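J.: model the following, please.
(2 chains)
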Amino acid sequence: EAGVTQFPSHSVIEKGQTVTLRCDPISGHDNLYWYRRVMGKEIKFLLHFVKESKQDESGMPNNRFLAERTGGTYSTLKVQPAELEDSGVYFCASSRWTGWNYGYTFGSGTRLTVV
Amino acid sequence: DAKTTQPNSMESNEEEPVHLPCNHSTISGTDYIHWYRQLPSQGPEYVIHGLTSNVNNRMASLAIAEDRKSSTLILHRATLRDAAVYYCILTSYDKVIFGPGTSLSVIP
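T.: Residues are numbered from 1 along each chain as shown, chains lettered A, B, ... in the order given. Predicted structure coming up:
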């Protein structure tokens, strides 16, 4: 089966611009997660979708971040307007069932650089 | 929230066993211990997980202390492809707390 696909793999934008990251989970995986690692920090949870519904968005840093998963398939994460501190690597993961004990598959990440 | 501590980096000679430690002294009774690793330019990939008992799979072994306050990931024979950042992760249902990770270097 195809893995979790994220694009773009890299994005460089200026402060104040808008960027949209996309994640295509493994087909049939109802659960989709977004994580990110900013420079020098640990990987942090952002939010969790079950199908098209947001199950948990407690990790979203502020209202400049908007995640959607229309139709319960792929998901987008929009940052508007981007700030310097948003630079980092954004990972997406998916799983068929809810709960880490069932195992999660991560994408290769999108490296976002805000200049 | 439970947290983990790991050494920043470790080195191993190729084809020798590697023991990667993780401390999680504030672990709760429902937290599972997961290990993921991240190869260069890739996302984290699953290695192994356990609750109380030691676990073995084709990739590695996981030794969990009796009091569950620490665990050790064991790679039985390190290869160059095992060079990666290894994350010790505590999970409870769908709540995840990543540790800082240990960067493992494998010396030919």
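
J.: next up, the contacts around residue 103.
T.: With no chain named, the answer covers chain A. Neighbouring residues of residue A:103 by CB atoms under 8 Å, 6 or more residues apart in numbering or on different chains: A:95, B:46. Bear in mind the C-beta positions are built from the backbone N, C-alpha and C, glycine included.

J.: correction: the question concerned chain B.
T.: The contact partners of residue B:103, taken as CB under 8 Å, 6+ apart, are B:8, B:9, B:10, B:84, B:85.

J.: which element is it on?
T.: Following DSSP states H and E, one finds residue B:103 within strand B:102-107.

J.: given that strand, what are its sheet partners and their directions?
T.: strand B:9-13 (parallel), strand B:84-92 (antiparallel) (DSSP bridges).

J.: could I have the longest one exported to CSV, CA atoms only?
T.: Once non-C-alpha atoms are left out, strand B:84-92 reads as follows in CSV (Å, rounded to 0.1, in the frame of the first residue of the first chain):
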residue,chain,number,x,y,z
ALA,B,84,18.9,7.5,13.1
VAL,B,85,17.2,9.5,15.9
TYR,B,86,15.4,7.2,18.2
TYR,B,87,12.4,8.5,20.1
CYS,B,88,11.1,7.1,23.3
ILE,B,89,7.4,7.9,23.5
LEU,B,90,4.8,7.6,26.2
THR,B,91,1.3,7.1,25.0
SER,B,92,-2.1,6.8,26.6
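
J.: got the contact list for it?
T.: With contact meaning CB under 8 Å, 6+ apart, strand B:84-92 is reached by A:43, A:100-101, B:2-4, B:6, B:20, B:22, B:24, B:27-28, B:30-40, B:44, B:47, B:49, B:71, B:73, B:96-99, B:101-104.

J.: noted, bye for now.
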